[in-house]
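Q: Test case, fold it:
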Amino acid sequence: MQTVSQVLSHGRTELAKVIVGQEDLINQCLLTILCGGHALLEGVPGIAKTLVIKTFARLFDLEFRRVQCTSDLMPADIIGSNVLNLSTSTFSLHHGPLFTDLLLADEVNRMPPRTQAAVLEAMEERQITIDGTTHPLSQFFTVFATQNPIEFEGTYPLPEAQLDRFLLKIKVTYPDAEQEISILQQHHQGFDAHNLEAAHITALPTEVLAQARAEIRGVKVEPALFRYMVELIRRTRNWPSLALGASPRAAISLMQVAKASAGLEGRDFLIPDDVKSSALPVLRHRVMMKPEAELEGLDSDRVLTEIINSVEVPK
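A: Residues are numbered from 1 along each chain as shown. Presented below is the predicted three-dimensional model:
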C-alpha cells in the first residue's frame, strides 16, 4: 500500500491549502477516484463541493470540466456533435464536456431524461456514441454529480438504473463553527476559490494514480467476508421498511469501496470495519423506502444502520 499511502498523505497536505474541514467529503471523493467509479453529491449550495472536485483535478493533473444542468440541456450539448466545415465540406467532431477526466454535473436532476440517458452510457460503458460511431473516454473518466436536497421544482428524478451506477452517494454537510471561522480567516487573508493557481498545489503524476488503483485491486478478502457482504446486501431485499433492496452490482461496489478503505488505512487485507464504514455511502441511494416507513420518520441511513447491526460479524 505504499503508493496509496503516498496519494493519501500528499493529497491531504495539498487539499489543506484550499479546503477547510470536509474530511468525509474528501475521503469519499478519493475513494471514488481510487475505485474508478462515480459519485452523487447531495448538499445545499455553497459548501465547497465544486471546489473539492476542482482541487482533486489539479492534485492528479487531470482535465476538469463542469456542466450546469438545466431543463433544456440536450444530449448534443454534453456529448458533442459532428460539425460541417464549410471550407472543406467535411464533418469534424466537436467534443462536448463529457470528453474529460473529471466531470462535475451540477444539479444533475435538472437534466432532462434524454440527456440523462447519454450520461448513463458514458458512466457505464466509458464511451460515447455520436452518429453511430463509438468514441472511448479517458481511463480516469469520473462523474461527480450534485443535487440539492431541498429544491425539487423543475427537476427530473434520476431513474433507479442511473442511481445504481453511482458508486457512492455522499451527503455533504455544513462545516462546524471553528471550521467556518477558519474559512472566513482564509478569505480575509486573500484566498480566492476562483484562482487555484495561487494555492500552488503540487500535482501527482497520473501514473501514481494508476498504480494506487492497482494496489487497491490487490487487497486480499477472506471467504468469510464475501459471505458477510452478501448477507448485508440480501438482507436489504426483505427488510420490512424497504420496498426495494440492493442489487448484485451494489455488492460489487461495496467490496470495491471496502478494499479502497482498507488501502487508505494502510492495510492490504479487508476487515469487517472496512465493510461497515463503506455500507452507508454505497447503499443509501440503491434502496427504496416504503411510504409508510417514511411517514414514520425513517430514512435510508437509519434503516441501513439497523441492517448492519443485525448481521453477525465474522470472527
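Q: what's near enough to touch A279?
A: Contact criterion Cβ atoms under 8 Å, 6 or more residues apart in numbering gives 232, 254, 304, 308 as the residues in contact with A279. C-beta coordinates here come from the backbone N, C-alpha and C atoms, glycine included.
Q: Just the residues you listed: which are in helices?
A: Assigned to helices by DSSP state H, the following of the contacts of A279 qualify: 232, 254, 304, 308.
Q: I'd assumed R286 was in contact with the third one.
A: No: L304 sits out of contact with R286 when judged by Cβ atoms under 8 Å, with a separation of 9.8 Å.
Q: Is the residue of the chain positioned farthest from its centre in a helix, a strand, or coil?
A: Summary for the chain: using Cα atoms, centre = their mean, the residue whose C-alpha lies farthest from the chain's mean C-alpha position is S87, with a distance of 42.8 Å. In three-state terms, and counting by DSSP: H, G, I helix; E, B strand; the rest coil, S87 is coil.
Q: quick one, phi psi at it?
A: Main-chain torsions, S87, degrees, to the nearest 10: phi -70, psi -30.
Q: what's the answer for L102, then?
A: Dihedral angles phi and psi of L102 (degrees, to the nearest 10) take the values phi -110, psi 120.
Q: quick one: which of the ones in helices among the contacts of A279 is nearest P149?
A: Distance to P149 across the ones in helices among the contacts of A279 (Cβ to Cβ) is lowest for L304, with 17.4 Å.
Q: mind listing what the closest one touches?
A: Shown in contact with L304 (Cβ under 8 Å, 6+ apart): 236, 279-280, 283-284, 287.
Q: Report the distance from stretch 171-190 to the chain centre.
A: Relative to the centre of its chain, stretch 171-190 is centred 23 Å away, using Cα atoms, centre = their mean, to the nearest Å.
Q: so where's the protein uncertain?
A: Low-confidence segments of the chain, defined by pLDDT under 70, are located at 151-154.
Q: Specify the beta-bridge partners of the spatially most central residue of it.
A: Most central residue of the chain, judged by C-alpha distance to the mean C-alpha position with Cα atoms, centre = their mean, is A39 at 1.7 Å. In this structure, A39 has beta-bridge partners F144, L168, where bridges are defined by DSSP bridges.
Q: Surely it and K171 touch.
A: No: A39 sits out of contact with K171 when judged by Cβ under 8 Å, with a separation of 11.1 Å.
Q: Among the contacts of L304, list the two that are farthest apart in space.
A: Taking Cβ to Cβ as the measure, those span a maximum distance of 12.1 Å, between T236 and L280.
Q: out of these two, which sits in the busier spot?
A: Set side by side, T236 and L280 give different neighbour counts by other Cβ atoms under 10 Å, the larger being at T236 (23 against 16).
Q: give me phi/psi at the more buried one?
A: The phi/psi pair for T236 (degrees, to the nearest 10) reads phi -70, psi -20.
Q: Wait, it touches R284, no?
A: No: contact criterion Cβ under 8 Å: T236 and R284 do not qualify, at 10.8 Å.
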